[in-house]
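Participant: Only the shape, not the letters, is given here:
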Ligand code: ZN
């Protein structure tokens, strides 16, 4: 767990710590933090200063409103899952969402050998497990919103490098990429999106209503 190269930026960790992330992203962050010693340590230090920051923010009028909104949002959410290290393939928060480890996933084919399992979907985002066969490329795509991808098994590669277990990639409208599973082992990822992907090329675009990604 010490060789994780791609961790989360502090603003997303702070969003997680204060409970304002959409549920789909909350699940990805909780799972990543369970696998990354570095992110877990940074989260703990952010939480330690979090209370003081919220108190400061509360003194400004405009920020006071956003604090109220934040608290209202927290009130409407389930308690934040506490990240804990795990011995399974799936981190504990993900096992809770799936109802078990890898063997419990009910995969559905989405074409090209790729499988998915939607774990959560609401107006703020969708969380799904994605299985990409070893050596297989996903269609090249850009993003209409934010896409957060956590590798659980195997690895994938794109222009930003190689992502292995525990690594997380955050992509947005600026990023156009084609993830390719590394050879040797199927790649399983947990992916949160807040908007549909924008596929390049006619065939992937035609397939999208069926694929639903
Ligand atoms: Zn993407």
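Facilitator: Yes, it's here. The structure presented is a predicted model; accordingly, all values stated were derived computationally and were not measured.

Participant: pLDDT-wise, which helix or strand of the protein ranks last?
Facilitator: helix 61-75 (a mean of 49; mean pLDDT, DSSP states H and E).

Participant: And the next helix or strand past that one?
Facilitator: helix 92-98 (DSSP states H and E).

Participant: List, one by one, the residues from this protein near the ion.
Facilitator: Proximity of the chain to the ion, by Cβ under 5 Å from the ion, involves residues 147, 171. C-beta: built from backbone N, CA, C; applies to glycine.

Participant: Output the below-cut-off pLDDT ranges for the chain.
Facilitator: Along the chain, segments meeting pLDDT under 70 span 1-3, 50-86, 200-213.

Participant: which stretches of it form helices?
Facilitator: Secondary structure of the chain (DSSP state H): helices at 10-17, 23-35, 37-57, 61-75, 92-98, 202-211.

Participant: list the contacts for residue 170?
Facilitator: Listed by Cβ atoms under 8 Å, 6 or more residues apart in numbering, the contact partners of residue 170 are 8-9, 12, 146-148.

Participant: The residue nearest to residue 177 when sequence neighbours are not counted and residue 9, how far apart?
Facilitator: Closest residue to residue 177 apart from its sequence neighbours, by Cβ to Cβ, 6 or more residues apart in numbering: residue 158 at 4.3 Å. According to Cβ to Cβ, to the nearest Å, residue 158 and residue 9 sit 18 Å apart.

Participant: Which one's more surrounded, these two?
Facilitator: With neighbours defined as other Cβ atoms under 10 Å, residue 158 and residue 9 compare such that residue 158 has more, 19 against 11.

Participant: Tell me the bridge partners for that one.
Facilitator: Beta-bridge partners for residue 158, by DSSP bridges, are residue 161.

Participant: Go ahead and confirm it touches residue 181.
Facilitator: No. When contacts are counted by Cβ atoms under 8 Å, residue 158 is not listed as touching residue 181 (10.7 Å).
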